[in-house]
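Trainee: sharing a sequence plus its predicted fold:
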Amino acid sequence: MAKIDGCVSTPNGSLQKYNHITGKTTTISRNMPCDINDPTRLNKNYTSIIESNPISNAQILKIQRKIAYDQY
């Protein structure tokens, strides 16, 4: 088994990080695009093309910086 940390964006709009040392998963963000049909969705950032308020590039960069910072 690979001993690496990993991140995943889930259908409910959360970004989660797995820590291989502790074996725990933490939620980094609850503002990712989500599936409109997910009953557990956490926001209204739908992945639809017609959505009027998509996640911005600035928000994506902020999340990427947090991921990179948290790894060290």
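Mentor: Cool, the structure landed.
Trainee: okay, now the unreliable bits of this protein?
Mentor: For the chain, residues meeting the criterion pLDDT under 70 lie at 1, 47-55, 57, 71-72.
Trainee: do that again at 90, thanks
Mentor: Low-confidence regions of the chain, defined by pLDDT under 90, span residues 1-6, 31, 33-38, 43-72.
Trainee: so which residues of it form helices?
Mentor: 57-70 (DSSP state H).
Trainee: any idea what the residue nearest the centre of it is bridged to?
Mentor: The C-alpha lying nearest the average C-alpha coordinate of the chain belongs to L15 (CA atoms, centre = their mean; 1.9 Å). Beta-bridge partners recorded for L15 (DSSP bridges): S9, S29.
Trainee: hmm, it is touching C7, no?
Mentor: Yes - the criterion here is CB atoms under 8 Å, and L15 meets it with C7 at 6.4 Å. For every residue, glycine as well, the C-beta is placed using N, CA and C.
Trainee: pull up the overlap in contacts between those two.
Mentor: The contact sets of L15 and C7 overlap at I28, I67 (CB atoms under 8 Å, 6 or more residues apart in numbering).
Trainee: next one: T10 from H20, what distance?
Mentor: To H20, T10 is 19 Å away according to CB to CB, to the nearest Å.
Trainee: of these two, who's got more company?
Mentor: Higher neighbour count among T10 and H20: T10, with 17 against 12, using other CB atoms under 10 Å.
Trainee: ok, M32 - contacts?
Mentor: M32 makes contact with S9, T10, G13, S14, L15, N43, N45, I55, I63, according to CB under 8 Å, 6+ apart.
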